[in-house]
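In: Give me a 3D structure for the following:
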Amino acid sequence: MSKSSLTIKTPGKLMIAGEFAVLEPYKKLAVMAVNRFVSTMIEKQETCSLSLVNFNLINLAWHFEDKELHIDTSDKRVHFVESAMSVSLQFLEESQIPWQPFKLTVKSELDDASGVKYGLGSSAAVTVSVVEAILTMFMPDEVTSELVFRLGALSHARTQGNGSGADVAASSFGGVLQYASFQAYWLNEQYKKTDRLLDLVEAKWPYLSLRPLNVPKDIYICIGWTGKPASTPKLVDQVLQLKQTQSEKFNAFLQASEQAVDKFINGMEQENIDLILEGIKENRQALRTVGEDANVMIETPQLTNLCDLAEAHGGAGKPSGAGGGDSGIAFMPTKESAKQLLHAWQQAGIKPLNLTIHKK
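Out: Now for the predicted structure:
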């Protein structure tokens, strides 16, 4: 007998290495799930309703017919939740699993209480949280991280149209992952072609690969926030324009990124701190170069400061995600050097974030 209510907590993410390159087929990225969460409560009740606490959208009515879910509002901020609910209910119906009306309450703690955004992947974490809550309520014994990831990826790609899906993977699996993207254009094409969601969920996704990465005990991860977040889609578009206009430079970046990410991953696997730091430094350099080539500021002055301070204290740092502001990540060889770095960051006006790897 399934419960009448339950709550799912889904972690946010931080990109570690391989940004931008991951949008190309078979290019690897490292990503980590972090200990800030989106929580989704699902309760069986007579009527269908939805509350998005952070947007102050409370008790919105919804209905599901002809494979589509409709929420009774014109507020565009419900789109990711609408898509996640729609895909989940379609999956249940195709799997011949009965469901009944319910209320969903979604609350994000990924950002600061003041509303400051840290770039922890809120739309992906919300998508995963909603999918996992609905599946866990109506098919509790058959929910796997892989299934949640695939439905979350479909839902997110359908709404966003692009992106690597690495944030969806981190929120679905937790821990630290090596990841190569399913390629959003491929997934959206398949979705348009398929009559049954079930077939696409069970199909081989040729571009996708992911596996957990081991984290050595004696490496210390520091995360700092440098100020206003940049628009990721805008930065991505500007960098990808380079592919059209100066393909040699773009290909050189892909090669440099791949070499750096491989070093980082090998360092993690072999518990080789020097290799990890080298990989991070090389990836930082590759991102700086592609930013200069594409005439976009991936590494802002404050991100430069964050990375340089990490190196000055014996470690290595780089922007996390698309750059242009937001957060940076540093790997430090000792607890003492990590402590000194956090202090140096604070003195430089960089806010240390109390984030750790979240394992599911």
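In: tell me the centre residue of the chain?
Out: Nearest to the mean C-alpha position of the chain, by Cα atoms, centre = their mean, lies residue 167 at 1.5 Å.
In: In terms of helix, strand or coil, where does that one fall?
Out: helix (DSSP: H, G, I helix; E, B strand; the rest coil).
In: For it, give me its contacts.
Out: 13, 31, 121, 123, 124, 125 (Cβ atoms under 8 Å, 6 or more residues apart in numbering). C-beta coordinates here come from the backbone N, C-alpha and C atoms, glycine included.
In: Next, find the distance separating it from residue 339.
Out: Noted for residue 167: a distance of 29 Å to residue 339, by Cβ to Cβ, to the nearest Å.
In: For the chain, just list every one of the strands.
Out: 5-17, 28-44, 49-52, 57-65, 68-71, 102-108, 176-180, 209-212, 220-225, 316-319, 327-332, 351-353 (DSSP state E).
In: buried set for the helix or strand of the chain with the lowest mean pLDDT?
Out: Counting by mean pLDDT, DSSP states H and E, the weakest-scoring helix or strand in the chain turns out to be helix 232-245, with a mean of 88. For helix 232-245, the neighbour count (16 or more other Cβ atoms under 10 Å) marks 232, 235, 236, 238, 239, 242, 243 as buried.
In: who's in contact with the nearest residue to the last one once chain neighbours are set aside?
Out: Counting by Cβ to Cβ, 6 or more residues apart in numbering, residue 250 is the residue found nearest to residue 243 once chain neighbours are left out, at 4.4 Å. Applying Cβ under 8 Å, 6+ apart to residue 250 gives the contacts 242, 243, 290, 293.
In: what angle separates the lengthiest helix in the chain from strand 28-44?
Out: The longest helix of the chain (DSSP state H) is helix 247-270. Counting by axes from the mean of the first three to the mean of the last three Cα atoms, to 10 degrees, helix 247-270 lies at 70 degrees to strand 28-44.
In: report the angle between the axes of helix 247-270 and strand 176-180?
Out: 150 degrees.
In: from here on, count from 47
Out: Yes, from this point I'll number from 47; that puts the last item at helix 293-316.
In: rewinding a little: could you single out the nearest of the contacts of residue 296 to residue 246?
Out: residue 289 (27.7 Å; Cβ to Cβ).
In: sorry, back to before: the buried residues of helix 278-291 into TSV, with extra columns for distance to residue 361?
Out: Supplementary listing: those in TSV, determined by distance: Cβ to Cβ, whole Å:
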residue	distance to residue 361
278	26
281	25
282	28
284	29
285	26
288	30
289	32
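In: pLDDT below threshold where in the stretch 47-196 of the chain?
Out: For the stretch 47-196 of the chain, applying pLDDT under 70 flags the ranges 47-48, 160-161.
In: returning to what we had before: mind picking the two most distant members of the contacts of residue 213?
Out: 77 and 169 (15.2 Å).
In: higher neighbour count, those two?
Out: Between residue 77 and residue 169, counted using other Cβ atoms under 10 Å, the more crowded position is residue 77 (30 against 21).
In: re the thing from before, check which helices and strands the least confident helix or strand of the chain is in contact with.
Out: Under the contact criterion of 3 or more Cβ pairs under 8 Å, 6 or more residues apart in numbering; DSSP states H and E, helix 278-291 touches helix 293-316, helix 319-339.
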